[in-house]
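Q: Using only what follows, build the 3D model:
(4 chains, ligands or ions: 4)
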Amino acid sequence: MSAAVMGAPKVPRLRLPQGREALLLITLAVLVAGIGMFSHGAFWSRINLDNLFVSSAITLIPAIGMTVVMLTGGIDVSTGSMLGLTAAIGGSCFAAGWSLAATVPVFLLAGAGLGLVNAVLIIKGKIPPVIATLGTLSIYRMIVFIVLGSNWITQIPPVLTRVFVVDHVLWLPVVALIALGLVIVASLFLRYFRWGRHVYALGNNEEAARLAGIRPERIKLAAYVMLGLLTGFAALLTLGQSPMVQTSTGSGFVLQVIAAVVLGGTSLSGGRGTMAGTLLGTLVVQVVDDGIVLLHIQPFWNGVALGVIILAAIGLSSRRDAGGM
Amino acid sequence: MAPVELKGIVKRFGGVVALDGVDLTLVPGETHALLGENGAGKSTLIRVMTGAIVPDEGSITVGGTPCRFTHPAQASAAGIAAVYQEPMIYPHLSVLENIFAGAEMTGRFGIVRRGAMASVVRPLLEQLDLPASLLVRRMSSLSIGFQQMVLITKALMLNAQVIIFDEPTSILSQAETDRLFVIIERLRRDGRAIVYITHRLDEIRRIASRVTVLTDGRVSGTALTSDLDEAKLLTLMAGKASRDYGKPLRDRAAPAHGKPALRITGLTRAGLYQNVDWDVPAGQVTGVYGLVGSGRSEVALAAFGALRPERGTIALEGRPIAPRDPAEAMRLGIGYLPEDRKLQGIFATKPLEANLTAGTIGRFRARGGRLDFAGLRDEALRLIGHYRIKARDETIGIGTLSGGNQQKALFARWAGQSLKVLILDEPTRGIDIGTKAEIHDFIRDLAAGGLAVVVISSDLPEVLAVSDRIIVMRRGGVIGVAEGAAMNAEAILASAVGADARAA
Amino acid sequence: MHASGFDRTRPLLLAAMAVLALAGFAVGHPDILSGANFGSMAVFGVEIGMIALGQTLVISGGDSGIDLSVGAIAGLAQVVLGRLLHADVTWPLAVAVTLGVGLGLGAINALAVTWLRIAPIIATLATLFGYAGLALVLSGGTNIDLTQQSSWFLALGQGHVLGLPFQLIALYLPLLAMFAFLQHGTGYGRALYLTGTNDRAAALAGLRVGRLRGAAYVLCGLTATIAGIVGAARLGTARPDAGMNDNLISIAIVVLGGTGIFGGTGSVVGTALATVVIAIVDYGLSYNDFNPIYQAGVIGVILIGVILVENPVLAWRARRFK
Amino acid sequence: EPSIAFVPKLVGIPYFSAMKQGFEQAGKKFGAHIIYQGPTTASVSGQAEMVQSLINKHVTSVGVSANSPTALEALAKQAKDHGILFYSTDSQVDGPDVDLRVQQTSNKALAYTVIDQLAKAIGGKGDVAFVSGGPTATNLNEWIALMKQRIAAKYPGIKVVSIQYAGEDINNATQVTGQLLSAYPHLKGVVGVNSTAVPGAAQAVLRAGLSGKVAVTGITDPNSIRPFIMNGTVKSVVLWNPIALGYLTAWGIMQELAHKPFATENAVPGIKGKVHYDAATHTLLLGKPLVIDKANVSLNF
Ligand SMILES: Nc1ncnc2c1ncn2[C@@H]1O[C@H](COP(=O)(O)OP(=O)(O)OP(=O)(O)O)[C@@H](O)[C@H]1O
Ligand SMILES: Nc1ncnc2c1ncn2[C@@H]1O[C@H](COP(=O)(O)OP(=O)(O)OP(=O)(O)O)[C@@H](O)[C@H]1O
Ligand SMILES: [Mg+2]
Ligand SMILES: [Mg+2]
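A: Ligands and ions are numbered 1, 2, ... in the order given. Okay, the predicted model is just below:
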């Protein structure tokens, strides 16, 4: 219970900057400064920054879609399996000798198609999003096994790695630049476009939105399909990061995405959150992960450090800020 | 504009027949009041008109052409707008966005034009005497009264031909109500058709030209206001014996000053209230009157441990207290009936029984830590009977009850507990006229039993009717305390609004 | 609907499904109906079933309640237990201390969620990392051999009572009974449901929202710890990564059992039936030589299928009885 | 026809599919029905569940590549009580109730060969890091210990600066190796201890443009590492032939079922060379580790 619950404006207890974004920015700055200092410059090495940007970008791209889905009050926990399945489908095309130009659309279409399946189950089947996507999480993974048999696909064109990961534009690996571009577009879209505002309205109060003539089904459909599309794209980038499709490709991925989004301040009950938050949330998680190796911490402590940092960073702000519910 | 006609509208919810063949004609340039007991079917009728629910039978024609609204967008396109009884808000969005949700003004590429929207809505805010700074506030940071004003602004914004208000003033005080009436009158003269639902009979005579009374889902009568007097209305409505509404119920010329039960001194929380002193004696009803946003609820919440004050003291029977949460306040003997029924009051999907006993679960413990289910049921049935809650039985989900009956249930939840101080925030919000008098009797009885009762209300006649003393608040501060002869409507209103505001 | 949130539709549907699944498998392999097979299904269902009991409470408490750290708690509990046993602590004491530790781990979750007010999914994700890391640190990353421990201890996971697995008769069923009673028979259960339905209203009705929810996390930590102990005894091995797959499965079981993720609904009875369905399907598929990759997929189909069947049933019921 | 059930650590990975091939070849040749069932992740419980259901089904013989050496001891005993032959292959089960163990190659030989390959590639000295799979995988941990032992004994110029765990996931391996490369700028070599770590590490090295400067080697199969051997990032890796391992296991079981005792050195039809048997531990040993380089990377498993 806090002030906001009762319908009064929030009065901060500590003189800290307002808002989740500011807090994440500070956290990030502290982490970067700390790791930068104690890693003897290793943090600022080209290799490390590239690494950091590439893995952040691959999480961030689906996280954009996840943010929109969560803003509508939904969630998709099948994203990891979806990534695995699109990688398996697209990878099979590569293995069958398809050209890059022919296969890239396969990734995107497969992703969008799987997102559509989720959307239909949720909207037409009236299945709560967690349940529907928990279901497809296992079904998609099963299909991965069927598609791959038990062979991993290794015939991934090296050009993927070169184009997305190795090549740089403006100091950034191409994939990082793409991710950044997508974040900006999505952010503008959510903030300034009618549809974007409808996403928020829907997440705040679906019944009211419906009464106001907004069609929740269409927006939800678009959100899940877009998440699928972005996941398909991320699958392609994953193969650029490491050129092999395994049956386990993408497992564990969804928690990382959801963690980044929620850390960024998007509410699980919908209607609240921003792209900037998601971007910062992603970076914080990745930097922590990175720092543990760079600071030569014994890897068993990896999880402990990550856990403590998340609790400390978020706890500090949430104690006064999450009460708004 | 063409008249809207409803014919033979029937709506059933499972076994309950909410509407049982309702005919209604709305004529441009007329304000049509809809009356009826709690649960009579008024809100349901409204939701049929706006396409929020589809009737089982019956037809709607607009200007002679039959319309079948299956989606609210269609009703909206046909020029019908409504302010619903239960506020429909987007809590995390700004007021501006709340007003324009679904009807945003856009420029090229669908870019939302916030500036243009703000300039369109500003004149309306002015008419309603709302500050323009409100537009950037987050909706959830406003009190429910302000939210209601925003929703009214929203309905006016739509520029609809038929505008429906479902109990808009149940939480508004006199001044806001007056401003709303001026606007409604102008809309009417403008040729719109207005539907106005209320339980305050005095309002009907002020603005409505025609009255339709619903009883148990049926139209029990329709008449021009000019042909009706209060007694007739009441008979029409429920056949209840009329009561002298709006006047003190018994002689309370010189209330004996009971010993103070709750004493608040110098309570301050920046931005919400400053230096508030409340003196609440046992055995009496202390009314708290003020305009929406005058900080009454916040002070009450502080006494109830739900909102920490920055300065000041709260004393219960002479001993200073600082309850950390409502549970602790309740243990000390303080109760609070919240103003926002939907968000702060009911457990919508849970049975009436659980709602009624939510505050007293701890008392119903049988052997082995088991809940005493029979006891709970009996208690619920007792409350349902005593407070005359209209419900099929105690197992029905409270969310399916009419607004007024939900409110009665919440009142019953608190009135049924043994406490030292009970603060009632808008206790009769949405309660029909017959029952309202009953509730007032209950409140008086509680006080007579030795309880210190605080009634926060935006309904001046109500405050006058139940209170022994009245605390008047304005802008987060106490303006004065009226007792005995000073308890007259004009004086209280004048101080609540502020002399300067009156003059303007 | 029962005042404490019990709804019959889903349990009935699940019971029907369990019988159907069993009948289906029996067509392929009639001997699946043997006592040994039922015993095995029980043994493999019990641990995740216990975790799901605690998870049910957490989820039904609302505010997007969820405990992702259950698997890590089970693993850490095993390691703590293993270290204690190897330090020659007698097994009853070691088990008792481990249970205490489990309560503590649950309490950390409770504090993170109710006091620090971190969104449960993030809070328990953080403790998931933390607990799993601690389990690795404490165990040095290796499995701890418990096969040489007292046979009384090993009986916790391998013993039999009246011909049925010890952990089913002596642990799971009593726990289920306790949780069912707690949820549907006590003031705590009802208060938790009300909190899950509308926490503002609950707080203003004088319920201690934080404590109620916190207690659910503590109890969830406890069930995960018991599951961890049973698992260690069953396999004679303490493994830091023992509960690796338990998080999502326990959540799937809870929602399959009819608990809504927005809180305020559901029952451990439904959860128990869902556990039975999953145990039968899981075991039955491998008994019928289905490729194990179909196991997870079939569970996904069930999850979706149940709701697709249930929606029309509920609509029909609403039309008939309301 | 006897039934031989094999429960690998997990299904869906090429290594165990290759073993399954070996099992099936032997099954056809010696007349046995092969059942291949395994969990989809390397889960001890999942493995135990499958072994249990196979025991309940009364197969003739059941065995595992164990996710934990001790966790299946109780089931081994149960199998014995039911008159079912219990074996472990590839990764062993402890205890007295295991009727047959089949080992690909001695752990020592394998670990030493990897380190020798590493030393050759980096010229006998420099900083190196290990990237392993799951931190609890028993055989991986044992190999790491033996590798360190070899370094200490024979290559004092080599220093192990870090051991990281990336699970069975090539992406994690790539990421972790990338981090190692920046954390230890003087790194000379990376040893991948499981089949996803080696290609993952190779990819990271390739991406960082350090191909030829940082050596990558380890234990993995030719299919996974082929692109990196072809493009020169990896010179050699070490493995054994998993098809032969499966085949040998099935042969051994058939011998046991026919009550034919093993000699110390056994001739196995279809396998080149003699197979050693250690009577004390009931262990058949397939042979020496296989070094895979450009010359033989076309092997398909
Ligand atoms: N969704 C629903 N499900 C079941 N019953 C309903 C539902 N909505 C309304 N009802 C029932 O329909 C009847 C009419 O309710 P309605 O809300 O229209 O009353 P009302 O006249 O607006 O009363 P009040 O003055 O108290 O607001 C009541 O008996 C109510 O319980
Ligand atoms: N002029 C104003 N403009 C915008 N918001 C205001 C204004 N005055 C007060 N408020 C807001 O209204 C709320 C105070 O309302 P509070 O609930 O205390 O009043 P109240 O007297 O109980 O009236 P209500 O009938 O609305 O409950 C606070 O959120 C306060 O910030
Ligand atoms: Mg109503
Ligand atoms: Mg108020």
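Q: When you work out contacts or count neighbours from here on, use the C-alpha atoms and nothing else.
A: Noted.
Q: Kindly list the single helix or strand of the chain that scores lowest on mean pLDDT.
A: You didn't say which chain, so I picked chain A. Within chain A, no helix or strand scores below helix A:302-321, which has a mean of 72 by mean pLDDT, DSSP states H and E.
Q: Switch to chain D, please.
A: Per-SSE averages on chain D (mean pLDDT, DSSP H and E): minimum strand D:265-267, a mean of 86.
Q: Please name every helix or strand in contact with that one.
A: Contact analysis of strand D:265-267 by 3 or more C-alpha pairs under 8 Å, 6 or more residues apart in numbering or on different chains; DSSP states H and E lists strand D:274-278 as its packing neighbours.
Q: Mind listing what's buried along stretch D:42-60?
A: D:42-57, D:59-60 (16 or more other C-alpha atoms under 10 Å in any protein chain shown).
Q: so how far does stretch D:36-48 reach from one end to the other?
A: 14 Å (C-alpha to C-alpha, to the nearest Å).
Q: now it: mean pLDDT?
A: Taken as a whole, stretch D:36-48 has an average pLDDT of 88.
Q: tell me the phi and psi of the residue lying closest to D:Ser3 once chain neighbours are set aside?
A: Counting by C-alpha to C-alpha, 6 or more residues apart in numbering or on different chains, D:Ser3 lies nearest to D:His33, which is 4.5 Å off, once chain neighbours are set aside. Per-residue torsions, D:His33: phi -90, psi 120 (degrees, to the nearest 10).
Q: so who does D:His33 touch?
A: Contact analysis of D:His33 by C-alpha atoms under 8 Å, 6 or more residues apart in numbering or on different chains lists D:Glu1, D:Pro2, D:Ser3, D:Ile4, D:Gly27.
Q: and B:Gly312, that one's in a strand?
A: Yes. B:Gly312 forms part of a strand when assessed by DSSP: H, G, I helix; E, B strand; the rest coil.
Q: Is the closest residue to it other than its chain neighbours in a helix, a strand, or coil?
A: Excluding the flanking residues, the one nearest B:Gly312 by C-alpha to C-alpha, 6+ apart is B:Leu267, at 4.0 Å. Three-state assignment for B:Leu267 (three-state DSSP): strand.
Q: B:Leu267: how many residues sit nearby?
A: 21 (other C-alpha atoms under 10 Å in any protein chain shown).
Q: Please report how far it lies from ligand 2.
A: Separation of B:Leu267 from ligand 2 (C-alpha to the nearest ligand atom, to the nearest Å): 13 Å.
Q: Just give the nearest non-adjacent residue to residue 196, would you?
A: Since you didn't name a chain, this refers to chain A. A:Leu190 (3.8 Å).
Q: Not quite, go with chain D.
A: Distances taken as C-alpha to C-alpha, 6+ apart put D:Ile170 closest to D:Thr196, at 5.0 Å, once the chain neighbours are dropped.
Q: before we move on, could you check phi and psi at that neighbour?
A: According to degrees, to the nearest 10, D:Ile170 has phi -70, psi -30.
Q: In contact with it, which residues?
A: So D:Ile170 contacts A:Ser242, A:Met244, D:Thr196, D:Ala197, D:Pro199, D:Gly200 (C-alpha under 8 Å, 6+ apart).
Q: Specify which member of the residues you listed is nearest to B:Leu301.
A: A:Ser242 (57.9 Å; C-alpha to C-alpha).
Q: Give me the pLDDT for that closest one.
A: At A:Ser242, the predicted lDDT confidence score is 86.
Q: Can you give me the neighbour number for it?
A: Using other C-alpha under 10 Å, A:Ser242 is surrounded by 28 other residues.
Q: surely it meets D:Val176?
A: No. Shown here, A:Ser242 and D:Val176 do not form a contact pair, counting by C-alpha atoms under 8 Å, at 12.0 Å.
Q: List, one by one, the residues from chain B near ligand 1.
A: Applying C-alpha under 6 Å from any ligand atom, we find that chain B lies next to ligand 1 at B:13, B:18, B:37-44, B:400-405, B:430.
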